[in-house]
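In: Coordinates for the following, if possible.
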Amino acid sequence: MPSVPPQPVPTTHTHPSPPPTAPRRTAFAEGFDQLRAAATTEPGRLRIIGALLAALVVAFGAVTAWQMTDRSSAADDVVNRSQPLSSDAADIYRSLADANTAAASGYLAGLQEKPAMREGYEKDIRTAAEKLVKAAANSEPGSTSADTIADLSRLLPEYKGLVETARANNRQGYPVGGAYLRAANEMMQQNMLPKAEKLYQTENQRLRDDYADAKSFPWAAAGLGIVALAALAWAQHRNYRRTNRVLNHGLVTATATSLVILLWLTVSHTVARAGLNDSYDHGVRSLDVLHQARIASLTARSDENLTLVRRGADTKTLADDRVVDAYEWGYDQQIDQLGKALDRAEDLADDAAGKKPVQDANGFMKVWKDRHGIARDDNNSGNYQAARDRVIGAAKEPTSVCFDNVDKALATALTHERNEFEQAANDGRGSLTGLPTGAAVLAVLGAAGAVLGIGRRLSEYR
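Out: The predicted model follows:
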């Protein structure tokens, strides 16, 4: 049997595996290594110092421009948006309250209603409608103010319809006219005026918020300014220790511009804050109190008229169980509020021109109280016609004249305080003019000075 030759055994050839590759380094890591290597040489350190100084000065200028732009904008809002809107809201309240007073006076006069009285009522209704349209245009959709304005705009025609119905029935001698007038007054007193007061309070809060934004100190800008000045001082001291040169013109320029920005920032904000504080203390606060006085006067006049319109049909039980005429009691409360508001307004007035109309209003109010007391005695004794004449103008010295004099004096005081507010607020706002732009320009010059100053030192190594 032939032998079979042995078959070759297959061999497996192994190849050595390549060594593992190192992970790819990030650009940040490589840049950090380059920066660390550069920091080992004086030229490298100088370049880093120059870049940091320029960045600090630019950041200081940018933050100053940003923060002072915000404060300037808030101060502008105080003058041109918040305070005018707050005044408009107060005018809406006053116009509604005055229209309600005029409606009651016209009803009392009946066929003897004078054209001027009717025109005053129509003017108040128009003013309220126009102010509501203006307020709606300046309110944010969906906000509380927008909802309140929409409610008032809806209620105003309804109120006017009730007044017209009361007037028509009264002229025909139908006593049901008094019921319509009472419904109109309740709509005004219980629904419309509270909403108008809410609108006024909302706009006042927005005014206070704008004041707070405008007066807040720019701590970030001031802090960056101090850091930038400290870094520049350190760089110049370092330069002096290495070269014995007292001044480096580029670094001195950067220091000077940074110092100017910081001083400009501090002084202008201090002046602006003082002006805004003055406008609030001697403008806004006085206006607020005078608005309260005018509202109290209008409400007192309305209650005085309705006392005679309703003839005791509406009563109020006091805490001591006494039953009194609701509108007579309301008159007493509002006259007391008027007196207190006038006292506060006189204390807040800071000059004779502001005090005089308030003092005049106080004097007219006291005469009004005396004449109302006589009319009240006539009404309580059953002499309704005499009481009516003493209230609406047929008598020699009616209370309507006193009310008109109080209202005119308060209008004069409001005009004066509004002018005081505008002058002080404009002075405060004006001190911020040019600072944002000036800070940005000076920061660029300062950064350029820092770069040039360091560049001067670098040139010595070439």
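In: all contacts plus neighbour counts: C-alpha atoms, from now on.
Out: OK.
In: ok, now how distant is the closest residue to R418 other than its chain neighbours from E42?
Out: Excluding its sequence neighbours, the residue lying closest to R418 (CA to CA, 6 or more residues apart in numbering) is G283, at 6.3 Å. Using CA to CA, to the nearest Å, one gets 61 Å for the distance from G283 to E42.
In: Same question for D278.
Out: With CA to CA as the criterion, D278 and E42 are 55 Å apart.
In: more neighbours, these two?
Out: Comparing D278 with E42 by other CA atoms under 10 Å, the one with more neighbours is D278, at 19 against 12.
In: Was I right to think the more buried one contacts N426?
Out: No. Counting by CA atoms under 8 Å, D278 stays clear of N426, with 10.9 Å between them.
In: where does the stretch 351-462 of the chain dip in pLDDT?
Out: Within the stretch 351-462 of the chain, the stretches with pLDDT under 70 are 394-395, 457-458, 460-462.
In: now do 90
Out: Along the stretch 351-462 of the chain, the model assigns pLDDT under 90 to residues 351-354, 369-404, 407, 415, 417-436, 446-462.
In: Do a quick rundown of the helices in it.
Out: 352-380, 384-392, 399-430, 435-458 (DSSP state H, counting those that start in this stretch).
In: and the shortest one with helix 352-380, angle?
Out: Read that as helix 384-392. 170 degrees (axes from the mean of the first three to the mean of the last three CA atoms, to 10 degrees).
In: the inter-axis angle of helix 384-392 versus helix 399-430?
Out: Interaxial angle of helix 384-392 relative to helix 399-430 (the same axes, to 10 degrees): 20 degrees.
In: in the top helix by length along the chain, what's buried?
Out: If you go by DSSP state H, the chain has its longest helix at helix 42-77. By 16 or more other CA atoms under 10 Å, the buried positions in helix 42-77 come out as 43-47, 49-50, 52-77.
In: likewise stretch 210-219?
Out: Counting neighbours by 16+ other CA under 10 Å, one finds that the buried residues in stretch 210-219 are 210-215, 217-218.
In: Kindly report the same for stretch 385-396.
Out: Here stretch 385-396 shows 386-392, 394 as buried, counting by 16+ other CA under 10 Å.
In: In a markdown table, list the residues you listed along with distance to G110.
Out: Listed next are those as a markdown table, based on distance: CA to CA, whole Å:
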| residue | distance to G110 |
| --- | --- |
| A386 | 15 |
| A387 | 15 |
| R388 | 11 |
| D389 | 12 |
| R390 | 15 |
| V391 | 14 |
| I392 | 11 |
| A394 | 13 |
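In: So what touches the helix or strand harbouring L199?
Out: Assigning secondary structure by DSSP states H and E places L199 in helix 193-215. Contact with helix 193-215 is made by 70-75, 77-78, 82-83, 85-86, 89-90, 92-93, 96-97, 145, 148-149, 152, 269, 272-273, 276, as judged by CA atoms under 8 Å, 6 or more residues apart in numbering.
In: And stretch 416-424, by the same measure?
Out: By CA under 8 Å, 6+ apart, the residues outside stretch 416-424 that reach it are 79, 275-276, 278-280, 282-284, 286-287, 353-354.
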